[in-house]
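[1] fold the following and give me the result.
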Amino acid sequence: MPADAAGELIITDISAIPNEPPPELLYRHKPRLLDAARNLKGRWEVIFTLAERDLRAAYKQAVLGIGWALINPVMTLLLFTIVFHKAFPTGTSKVPYYLFAYPAILAWGFFAGAVGSGTGSLLQNKAMMAKTHFPRECFPLSQVVESAFTSTIATSLLFIIFPVAHVWPKTATLWFPVYLAIELPYTIGLILLVSSIVVQMRDLNQLTSIGLQLGMFASPVVWNLSYQKGSKFYIPHAWQPLYLFLNPIGETIDGIRRSMIYGFGPDWGLVGVAMAGALVWMVVGFAVFKRLEVNFADMA
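    Residues are numbered from 1 along each chain as shown. Next comes the predicted model:
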């Protein structure tokens, strides 16, 4: 019990003591997103250094080394070609299924590689986080750089696949940066969102790998986004804007394939919807990450 100025005890009615502190005493973390983004802008060297460290660690002890960046997409391509080449038409008999699928595998591989490895990046680097003061976003974002590196190496196989298929990349392939501008913010937003929540909910780390496997089939990797003759699965045109807003990578996958193989330019209506969705994902992911950042120091 408290005491007065004379040192005498004051009897207090216990029922009058509130169960919770008054609202004005509660600490509410309100991150300043613009300031955080400016601070992150000057830390690219940290992101690239972390990515280089992880790449060296991943391939240093491997017998085939960086060759695994080629083996994984090739094995995926072989599996898809064997299993799905009859079930999902390519839109034209002149395009073999392995050429139809490989650009999509590359686009999905970059996304899945970044999200899959970035989900637990904060937990894996908790010792370093306790000793450093650079923005915590650098850890998951370094996985984006690492995935981009391995995906770039895997892209070199296109120089073999196109001649084998007797098909050549169309001029519309130059629209590739437009589709990358959709995939990159979507990937960043999702990786920031999931990696920050995993700190509080460790089970999400396991669920993410399952979600990526299911997400690959929910995205137009093995099937066309729009109807093709004989299609068993596609997204009706009226539903495509909603689908692409929620899953922007669908336009990246289908758009890269349409431009590279068929020579079609961007459908700017769908591109705009997908880009808007990607930006929403990035802003939401960044906001949630900064909001939960105060809890990272409590990681066990």
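[2] every contact and neighbour count from this point should use C-alpha atoms.
    Fine.
[3] where does this protein have low pLDDT?
    By pLDDT under 70, the weakly predicted segments of the chain are 1-29, 61-65, 91-93, 230, 297-300.
[4] tell me the SS of residue 108?
    Per DSSP: H, G, I helix; E, B strand; the rest coil, the secondary structure class of residue 108 is helix.
[5] what's the distance between it and residue 188?
    14 Å (CA to CA, to the nearest Å).
[6] before we move on, what about residue 203?
    Counting by CA to CA - residue 203 and residue 188 are separated by 21 Å.
[7] neighbour count for those two, which is higher?
    Comparing residue 203 with residue 188 by other CA atoms under 10 Å, the one with more neighbours is residue 188, at 26 against 11.
[8] excluding its backbone neighbours, what's nearest that one?
    residue 282 (6.1 Å; CA to CA, 6 or more residues apart in numbering).
[9] also residue 169?
    Of all residues not flanking residue 169 in the chain, residue 260 sits nearest, at 5.2 Å (CA to CA, 6+ apart).
[10] contacts only, for the residue nearest in space to the middle of the chain.
    Centroid-nearest residue in the chain: residue 187, 2.9 Å away (criterion: CA atoms, centre = their mean). Counting by CA atoms under 8 Å, 6 or more residues apart in numbering, residue 187 touches 111, 114-115, 144, 282.
[11] from residue 141, how far out is it?
    9 Å.
[12] go on, residue 178?
    Taking CA to CA, one finds residue 178 at 21 Å from residue 141.
[13] out of these two, which sits in the busier spot?
    residue 141 (25 against 15).
[14] how would you label that one: helix, strand or coil?
    Strictly by three-state DSSP, residue 141 counts as helix.
[15] if I look at it, how far off is residue 292?
    Residue 141 is 17 Å from residue 292, where distance means CA to CA.
[16] residue 175 too?
    37 Å.
[17] A strand includes the residue nearest to the centre of the chain, no?
    No. Counting by three-state DSSP, one finds residue 187 to be helix, located in no strand.
[18] now do the helices in the stretch 51-200 of the chain.
    Under the criterion DSSP state H, counting those that start in this stretch, the stretch 51-200 of the chain carries helices at the ranges 68-84, 97-118, 121-124, 126-129, 138-155, 158-165, 176-198.
[19] out of these, nearest to residue 219?
    Nearest to residue 219 among those is helix 97-118; the distance by CA to CA comes to 8.7 Å.
[20] and that closest one with helix 68-84, angle?
    Interaxial angle of helix 97-118 relative to helix 68-84 (axes from the mean of the first three to the mean of the last three CA atoms, to 10 degrees): 130 degrees.
[21] now do helix 97-118: which elements does it pack against?
    helix 68-84, helix 138-155, helix 158-165, helix 176-198, helix 203-218, helix 249-257 (3 or more CA pairs under 8 Å, 6 or more residues apart in numbering; DSSP states H and E).
[22] since that was my last question, I'll sign off now.
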